[in-house]
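Student: structure for this input, please:
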Amino acid sequence: MKLLRTFVGLSIFLLAAMGAVPAQAYDLPAVNLGFTSFMDGGPPAGPGLYFSQYIQYWSSDKFTDQDGGRLLPDAANEDLAAWISLSQFLYQSDKPLLAGGKMGLDVIVPVVSLDLSYDFNPGFPEDNGSGLGDILIGPYLQWDPIMGPNGPIFMHRVELQLILPTGKYDEDKELNPGSNFFSFNPYWSGTLFITPRWTVSTRIHYLWNAENDDPTVPGADDTQAGQAVHLNFATAYEIIPQTLRIGINAYYLKQISDFQVDGNDVDDSREQVLGIGPGLLWHINKDAHLFFNTYFETEAENRPEGTRLNLRLVYHF
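Tutor: From the prediction side, this is the model:
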(Lines give C-alpha, C1' and ligand atoms only; values in the text may rest on other atoms or scores of the structure.)
Protein backbone atom coordinates (compact mmCIF):
# COMPACT_ATOMS: atom_id res chain seq x y z
CA MET A 1 0.00 0.00 0.00
CA LYS A 2 2.85 2.40 0.83
CA LEU A 3 4.43 1.65 -2.56
CA LEU A 4 1.08 2.30 -4.29
CA ARG A 5 0.68 5.66 -2.55
CA THR A 6 4.22 6.59 -3.61
CA PHE A 7 3.49 5.63 -7.21
CA VAL A 8 0.22 7.60 -7.27
CA GLY A 9 1.91 10.67 -5.80
CA LEU A 10 4.73 10.49 -8.34
CA SER A 11 2.23 10.08 -11.19
CA ILE A 12 0.24 13.13 -10.11
CA PHE A 13 3.44 15.16 -9.82
CA LEU A 14 4.48 14.18 -13.35
CA LEU A 15 1.02 15.02 -14.72
CA ALA A 16 1.21 18.44 -13.12
CA ALA A 17 4.67 19.05 -14.50
CA MET A 18 3.56 17.97 -18.00
CA GLY A 19 0.57 20.29 -18.00
CA ALA A 20 -2.28 17.86 -17.32
CA VAL A 21 -2.95 20.01 -14.27
CA PRO A 22 -2.95 23.18 -16.38
CA ALA A 23 -1.06 26.25 -15.23
CA GLN A 24 -2.85 28.16 -17.99
CA ALA A 25 -6.25 28.03 -16.27
CA TYR A 26 -7.43 30.52 -13.66
CA ASP A 27 -5.88 33.40 -15.62
CA LEU A 28 -8.61 36.08 -15.51
CA PRO A 29 -8.05 39.03 -13.14
CA ALA A 30 -10.23 39.69 -10.10
CA VAL A 31 -13.43 41.42 -11.23
CA ASN A 32 -16.78 42.46 -9.75
CA LEU A 33 -18.54 39.18 -9.01
CA GLY A 34 -21.35 39.98 -6.58
CA PHE A 35 -19.88 43.09 -5.00
CA THR A 36 -22.81 45.17 -6.30
CA SER A 37 -26.46 44.11 -6.37
CA PHE A 38 -29.66 45.98 -5.44
CA MET A 39 -30.44 49.53 -6.63
CA ASP A 40 -27.23 49.55 -8.69
CA GLY A 41 -28.45 52.02 -11.33
CA GLY A 42 -27.77 55.12 -9.24
CA PRO A 43 -26.16 56.40 -6.04
CA PRO A 44 -28.55 56.05 -3.08
CA ALA A 45 -28.44 59.70 -1.97
CA GLY A 46 -27.85 61.75 -5.12
CA PRO A 47 -24.76 63.86 -5.96
CA GLY A 48 -21.83 64.30 -3.62
CA LEU A 49 -18.96 62.35 -2.08
CA TYR A 50 -19.38 58.70 -1.08
CA PHE A 51 -17.24 56.19 0.77
CA SER A 52 -17.98 52.46 0.54
CA GLN A 53 -16.30 49.62 2.39
CA TYR A 54 -16.71 46.11 1.03
CA ILE A 55 -15.72 42.91 2.82
CA GLN A 56 -16.09 39.68 0.88
CA TYR A 57 -15.24 36.15 1.98
CA TRP A 58 -14.88 33.51 -0.74
CA SER A 59 -14.25 29.87 0.06
CA SER A 60 -13.81 26.92 -2.28
CA ASP A 61 -12.95 23.25 -1.93
CA LYS A 62 -13.18 22.41 -5.64
CA PHE A 63 -10.92 23.54 -8.47
CA THR A 64 -12.67 22.75 -11.75
CA ASP A 65 -11.39 21.71 -15.18
CA GLN A 66 -12.72 22.66 -18.64
CA ASP A 67 -15.73 20.37 -18.21
CA GLY A 68 -16.64 21.46 -14.69
CA GLY A 69 -15.21 18.33 -13.08
CA ARG A 70 -12.50 18.20 -10.43
CA LEU A 71 -9.17 19.51 -11.72
CA LEU A 72 -7.13 17.89 -8.94
CA PRO A 73 -7.37 14.34 -7.57
CA ASP A 74 -9.57 13.71 -4.54
CA ALA A 75 -6.47 13.14 -2.40
CA ALA A 76 -5.52 16.82 -2.78
CA ASN A 77 -8.62 17.97 -0.84
CA GLU A 78 -7.89 21.59 -1.78
CA ASP A 79 -9.22 24.37 0.46
CA LEU A 80 -9.11 28.00 -0.69
CA ALA A 81 -10.11 30.91 1.55
CA ALA A 82 -9.98 34.49 0.27
CA TRP A 83 -10.71 37.67 2.23
CA ILE A 84 -11.20 40.69 -0.01
CA SER A 85 -11.42 44.26 1.27
CA LEU A 86 -12.38 47.07 -1.11
CA SER A 87 -12.22 50.71 -0.03
CA GLN A 88 -14.15 52.82 -2.56
CA PHE A 89 -14.11 56.59 -2.97
CA LEU A 90 -16.74 57.98 -5.33
CA TYR A 91 -17.62 61.53 -6.36
CA GLN A 92 -20.87 62.31 -8.18
CA SER A 93 -21.21 65.75 -9.82
CA ASP A 94 -24.54 67.55 -10.17
CA LYS A 95 -23.64 69.24 -13.49
CA PRO A 96 -24.76 67.68 -16.80
CA LEU A 97 -21.86 66.93 -19.13
CA LEU A 98 -22.97 64.72 -22.05
CA ALA A 99 -26.53 63.95 -23.16
CA GLY A 100 -27.73 64.90 -19.69
CA GLY A 101 -25.30 62.54 -17.98
CA LYS A 102 -23.47 63.86 -14.92
CA MET A 103 -19.76 63.18 -14.50
CA GLY A 104 -18.41 61.08 -11.66
CA LEU A 105 -15.18 59.40 -10.61
CA ASP A 106 -14.80 56.00 -8.97
CA VAL A 107 -11.58 54.86 -7.22
CA ILE A 108 -11.29 51.44 -5.52
CA VAL A 109 -8.31 50.23 -3.47
CA PRO A 110 -8.35 46.46 -2.79
CA VAL A 111 -6.49 44.42 -0.20
CA VAL A 112 -6.55 40.64 -0.67
CA SER A 113 -5.66 37.75 1.63
CA LEU A 114 -5.32 34.28 0.09
CA ASP A 115 -4.92 30.99 1.96
CA LEU A 116 -4.71 27.81 -0.13
CA SER A 117 -4.01 24.46 1.51
CA TYR A 118 -4.03 20.75 0.58
CA ASP A 119 -4.04 17.41 2.33
CA PHE A 120 -1.72 16.10 -0.38
CA ASN A 121 0.41 18.45 -2.53
CA PRO A 122 3.03 17.17 -4.99
CA GLY A 123 3.45 20.59 -6.62
CA PHE A 124 -0.08 21.95 -7.06
CA PRO A 125 -0.80 25.72 -7.44
CA GLU A 126 0.23 27.93 -4.51
CA ASP A 127 -1.02 31.25 -3.14
CA ASN A 128 1.00 34.43 -2.64
CA GLY A 129 -0.49 35.38 0.72
CA SER A 130 -1.81 38.85 1.50
CA GLY A 131 -1.20 42.21 -0.08
CA LEU A 132 -2.43 45.13 -2.12
CA GLY A 133 -4.60 44.22 -5.09
CA ASP A 134 -5.02 45.97 -8.44
CA ILE A 135 -6.32 49.54 -8.02
CA LEU A 136 -9.36 50.46 -10.09
CA ILE A 137 -10.10 53.93 -11.51
CA GLY A 138 -13.30 54.65 -13.41
CA PRO A 139 -14.75 57.88 -14.82
CA TYR A 140 -18.49 57.56 -15.37
CA LEU A 141 -21.70 59.26 -16.47
CA GLN A 142 -24.79 59.01 -14.26
CA TRP A 143 -28.20 59.96 -15.58
CA ASP A 144 -30.95 61.36 -13.35
CA PRO A 145 -33.84 58.99 -12.60
CA ILE A 146 -36.75 58.94 -15.01
CA MET A 147 -39.68 59.87 -12.82
CA GLY A 148 -43.29 58.68 -12.87
CA PRO A 149 -46.40 59.69 -10.92
CA ASN A 150 -45.41 57.45 -7.97
CA GLY A 151 -41.66 58.00 -7.93
CA PRO A 152 -38.64 56.88 -9.99
CA ILE A 153 -39.10 54.45 -12.89
CA PHE A 154 -35.58 53.93 -14.22
CA MET A 155 -32.01 55.08 -13.56
CA HIS A 156 -28.73 54.07 -15.18
CA ARG A 157 -24.99 54.72 -15.53
CA VAL A 158 -22.00 53.99 -17.80
CA GLU A 159 -18.48 53.65 -16.39
CA LEU A 160 -15.12 53.14 -18.12
CA GLN A 161 -13.22 51.13 -15.53
CA LEU A 162 -9.44 50.77 -15.71
CA ILE A 163 -7.76 48.03 -13.64
CA LEU A 164 -4.14 48.97 -12.96
CA PRO A 165 -1.43 46.33 -12.25
CA THR A 166 -0.53 47.61 -8.79
CA GLY A 167 -1.09 44.40 -6.83
CA LYS A 168 1.34 42.04 -5.16
CA TYR A 169 2.56 39.46 -7.69
CA ASP A 170 5.02 36.59 -7.85
CA GLU A 171 5.61 34.68 -11.09
CA ASP A 172 6.34 31.53 -9.07
CA LYS A 173 2.89 31.60 -7.43
CA GLU A 174 -0.29 30.77 -9.32
CA LEU A 175 -2.77 32.68 -7.08
CA ASN A 176 -1.78 36.31 -6.53
CA PRO A 177 -3.46 39.43 -5.08
CA GLY A 178 -2.49 41.24 -8.31
CA SER A 179 -2.69 40.20 -11.96
CA ASN A 180 0.51 41.90 -13.27
CA PHE A 181 -1.33 43.24 -16.34
CA PHE A 182 -3.64 46.10 -17.28
CA SER A 183 -7.36 45.43 -17.87
CA PHE A 184 -10.17 47.50 -19.37
CA ASN A 185 -13.50 46.63 -17.73
CA PRO A 186 -16.29 49.06 -18.77
CA TYR A 187 -19.90 48.48 -17.74
CA TRP A 188 -23.48 49.68 -18.00
CA SER A 189 -25.76 49.40 -14.98
CA GLY A 190 -29.45 50.10 -14.56
CA THR A 191 -32.32 49.79 -12.09
CA LEU A 192 -35.95 49.41 -13.16
CA PHE A 193 -38.78 50.09 -10.70
CA ILE A 194 -41.46 47.56 -11.63
CA THR A 195 -43.51 49.07 -8.81
CA PRO A 196 -42.43 51.73 -6.28
CA ARG A 197 -41.37 48.89 -3.94
CA TRP A 198 -40.17 46.20 -6.41
CA THR A 199 -36.92 46.75 -8.33
CA VAL A 200 -34.76 44.85 -10.81
CA SER A 201 -31.09 45.81 -11.28
CA THR A 202 -28.22 44.69 -13.47
CA ARG A 203 -24.60 45.58 -14.21
CA ILE A 204 -23.08 44.26 -17.47
CA HIS A 205 -19.27 44.33 -17.89
CA TYR A 206 -16.94 43.66 -20.80
CA LEU A 207 -13.38 42.63 -19.92
CA TRP A 208 -10.26 43.07 -22.06
CA ASN A 209 -6.80 42.14 -20.77
CA ALA A 210 -3.33 43.24 -21.84
CA GLU A 211 -0.30 40.94 -21.97
CA ASN A 212 1.51 39.70 -18.88
CA ASP A 213 5.25 39.96 -19.59
CA ASP A 214 6.22 38.08 -16.44
CA PRO A 215 3.84 35.10 -16.53
CA THR A 216 3.46 32.16 -14.17
CA VAL A 217 3.56 29.69 -17.09
CA PRO A 218 7.05 28.10 -17.11
CA GLY A 219 9.12 28.88 -20.20
CA ALA A 220 6.68 31.45 -21.62
CA ASP A 221 7.78 34.95 -22.62
CA ASP A 222 4.29 36.38 -22.25
CA THR A 223 0.67 35.39 -21.76
CA GLN A 224 -2.64 37.15 -22.37
CA ALA A 225 -5.85 36.39 -20.51
CA GLY A 226 -8.93 35.98 -22.68
CA GLN A 227 -11.73 38.48 -23.09
CA ALA A 228 -14.86 37.94 -21.01
CA VAL A 229 -18.29 39.26 -20.16
CA HIS A 230 -19.64 39.25 -16.62
CA LEU A 231 -22.79 40.61 -15.07
CA ASN A 232 -24.50 41.07 -11.73
CA PHE A 233 -28.29 40.97 -11.52
CA ALA A 234 -30.67 41.29 -8.61
CA THR A 235 -34.28 41.85 -7.70
CA ALA A 236 -35.54 43.17 -4.37
CA TYR A 237 -38.80 44.06 -2.64
CA GLU A 238 -39.15 46.78 -0.01
CA ILE A 239 -40.79 45.03 2.95
CA ILE A 240 -40.34 47.96 5.37
CA PRO A 241 -40.85 51.34 3.65
CA GLN A 242 -37.61 53.33 3.28
CA THR A 243 -35.83 50.87 5.58
CA LEU A 244 -35.46 47.26 4.40
CA ARG A 245 -35.39 45.46 1.06
CA ILE A 246 -34.89 41.71 0.62
CA GLY A 247 -34.33 39.80 -2.58
CA ILE A 248 -32.29 37.49 -4.77
CA ASN A 249 -28.87 38.40 -6.18
CA ALA A 250 -26.68 36.65 -8.75
CA TYR A 251 -23.66 36.96 -11.03
CA TYR A 252 -22.43 35.23 -14.16
CA LEU A 253 -19.00 35.23 -15.82
CA LYS A 254 -18.24 33.82 -19.27
CA GLN A 255 -14.85 33.98 -20.99
CA ILE A 256 -15.36 34.52 -24.74
CA SER A 257 -11.84 34.16 -26.16
CA ASP A 258 -8.96 31.79 -25.43
CA PHE A 259 -6.05 32.36 -23.11
CA GLN A 260 -2.83 32.87 -25.13
CA VAL A 261 0.76 31.83 -24.48
CA ASP A 262 3.35 33.61 -26.63
CA GLY A 263 0.55 34.65 -28.98
CA ASN A 264 -0.89 31.13 -29.41
CA ASP A 265 -4.39 30.16 -28.30
CA VAL A 266 -4.67 27.54 -25.55
CA ASP A 267 -7.61 25.18 -26.08
CA ASP A 268 -10.07 24.43 -23.27
CA SER A 269 -8.89 27.39 -21.15
CA ARG A 270 -12.08 29.49 -20.98
CA GLU A 271 -13.58 30.25 -17.58
CA GLN A 272 -17.18 30.51 -16.49
CA VAL A 273 -19.19 30.55 -13.26
CA LEU A 274 -22.71 31.27 -12.02
CA GLY A 275 -23.44 32.41 -8.45
CA ILE A 276 -26.89 32.96 -6.93
CA GLY A 277 -28.36 33.46 -3.47
CA PRO A 278 -30.35 35.71 -1.08
CA GLY A 279 -29.56 39.25 -0.02
CA LEU A 280 -30.83 42.33 1.76
CA LEU A 281 -30.42 46.10 1.74
CA TRP A 282 -30.87 48.09 4.98
CA HIS A 283 -31.34 51.84 4.60
CA ILE A 284 -29.96 52.88 8.00
CA ASN A 285 -30.77 56.51 7.22
CA LYS A 286 -30.75 58.70 4.10
CA ASP A 287 -26.92 58.73 4.00
CA ALA A 288 -25.96 55.26 5.29
CA HIS A 289 -26.85 51.98 3.58
CA LEU A 290 -25.82 48.38 4.35
CA PHE A 291 -25.89 45.51 1.82
CA PHE A 292 -25.49 41.81 2.62
CA ASN A 293 -25.35 39.17 -0.12
CA THR A 294 -24.72 35.43 -0.25
CA TYR A 295 -23.80 33.54 -3.42
CA PHE A 296 -23.61 29.79 -4.01
CA GLU A 297 -21.57 29.04 -7.12
CA THR A 298 -22.33 26.45 -9.78
CA GLU A 299 -21.51 25.70 -13.45
CA ALA A 300 -17.85 26.63 -12.86
CA GLU A 301 -15.24 25.77 -15.48
CA ASN A 302 -11.48 26.36 -15.24
CA ARG A 303 -11.75 28.17 -11.89
CA PRO A 304 -12.54 27.46 -8.22
CA GLU A 305 -16.20 26.87 -7.32
CA GLY A 306 -17.46 27.79 -3.88
CA THR A 307 -19.45 30.26 -1.78
CA ARG A 308 -19.22 34.06 -1.42
CA LEU A 309 -20.41 36.25 1.44
CA ASN A 310 -20.44 39.97 0.76
CA LEU A 311 -20.92 42.89 3.17
CA ARG A 312 -20.99 46.48 1.88
CA LEU A 313 -21.44 49.74 3.78
CA VAL A 314 -22.14 52.93 1.78
CA TYR A 315 -21.92 56.38 3.34
CA HIS A 316 -22.81 59.72 1.70
CA PHE A 317 -21.10 62.82 3.07
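Student: separation between the closest residue to Ile284 other than its chain neighbours and Gly101?
Tutor: Closest residue to Ile284 apart from its sequence neighbours, by Cβ to Cβ, 6 or more residues apart in numbering: Leu290 at 6.1 Å. Any C-beta I mention is one placed from the backbone N, CA and C, and that applies to glycine too. Leu290 is 28 Å from Gly101, where distance means Cβ to Cβ, to the nearest Å.
Student: okay, these two: which has more neighbours?
Tutor: Taking neighbours as other Cβ atoms under 10 Å, Leu290 and Gly101 compare with Gly101 leading, 17 against 14.
Student: report the contact partners of the more buried one.
Tutor: Counting by Cβ atoms under 8 Å, 6 or more residues apart in numbering, Gly101 touches Leu141, Gln142, Trp143, Val158.
Student: gap between the closest residue to the third one other than its chain neighbours and Gln142?
Tutor: Same thing as Trp143. Take Trp143 and drop its neighbours on the chain: the residue closest to it by Cβ to Cβ, 6+ apart is Gly101, 5.2 Å away. Using Cβ to Cβ, Gly101 is found at 6 Å from Gln142.
Student: equivalent analysis for Leu244, please.
Tutor: Distance from Leu244 to Gln142, by Cβ to Cβ: 25 Å.
Student: can you tell me the average pLDDT over stretch 51-71?
Tutor: Averaging pLDDT along stretch 51-71 gives 96.
Student: tell me which residues of that stretch come out buried.
Tutor: The neighbour-count check on stretch 51-71 (16 or more other Cβ atoms under 10 Å) flags Ser52, Tyr54, Gln56, Trp58, Ser60, Lys62, Phe63, Thr64, Asp65, Gln66, Gly68, Leu71 as buried.
Student: pretty sure the second one is touching Ile84, no?
Tutor: Which is Tyr54. Yes: using Cβ atoms under 8 Å, Tyr54 is in contact with Ile84, at 7.4 Å.
Student: overlap in contacts of the two?
Tutor: With contacts defined as Cβ under 8 Å, 6+ apart, no residue is shared by Tyr54 and Ile84.
Student: tell me the predicted confidence for the residue nearest to Ile284.
Tutor: At Leu290, pLDDT is 98.
Student: cool, Ile12 as well?
Tutor: On pLDDT, Ile12 comes in at 33.
Student: how far away is Gly69 from Ile276?
Tutor: According to Cβ to Cβ, Gly69 and Ile276 sit 21 Å apart.
Student: where does the stretch 201-317 of the chain dip in pLDDT?
Tutor: Judged by pLDDT under 70, the stretch 201-317 of the chain has no weakly predicted residues.
Student: not counting sequence-adjacent ones, nearest residue to Gln260?
Tutor: Nearest non-adjacent residue to Gln260, counting by Cβ to Cβ, 6+ apart: Gln224, 4.4 Å away.
Student: OK, contacts around the one you found?
Tutor: Phe181, Asn209, Ala210, Glu211, Asn212, Phe259, Gln260, Gly263 are the contacts of Gln224 under Cβ under 8 Å, 6+ apart.
Student: so how many other residues sit close to the fifth one?
Tutor: I take that to be Asn212. Count around Asn212 with other Cβ under 10 Å applied: 22.
Student: OK, contacts around the residue nearest to it when sequence neighbours are not counted?
Tutor: Sequence neighbours aside, Phe181 is the residue nearest to Asn212 in space, at 4.3 Å (criterion: Cβ to Cβ, 6+ apart). Applying Cβ under 8 Å, 6+ apart to Phe181 gives the contacts Pro29, Pro165, Asn209, Ala210, Glu211, Asn212, Gln224, Ala225.
Student: so how far is Asp27 from Phe181?
Tutor: Going from Phe181 to Asp27 by Cβ to Cβ gives 10 Å.
Student: shared neighbours of these two, which are they?
Tutor: Common contacts of Phe181 and Asp27 (Cβ under 8 Å, 6+ apart): Ala225.
Student: what is the burial count for the nearest residue to Pro241 once chain neighbours are set aside?
Tutor: Spatial nearest neighbour of Pro241, chain neighbours left out: Arg197 (7.6 Å); criterion: Cβ to Cβ, 6+ apart. Residues lying near Arg197 (other Cβ under 10 Å) number 14.
Student: do Pro278 as well
Tutor: Using other Cβ under 10 Å, Pro278 has 13 other residues around it.
Student: ok, the one 3 residues further on next?
Tutor: As a burial measure, the neighbour count of Leu281 was computed by other Cβ under 10 Å and equals 25.
Student: that one falls within a helix, correct?
Tutor: No: counting by DSSP: H, G, I helix; E, B strand; the rest coil, Leu281 is not found in a helix; it is strand.
Student: dig out what it forms beta bridges with.
Tutor: Assessed by DSSP bridges, Leu281 has beta-bridge partners Arg245, Phe291.
Student: Pro241: neighbour count?
Tutor: 9.
Student: likewise the one 5 residues further on?
Tutor: Using other Cβ under 10 Å, the number of residues around Ile246 comes to 16.
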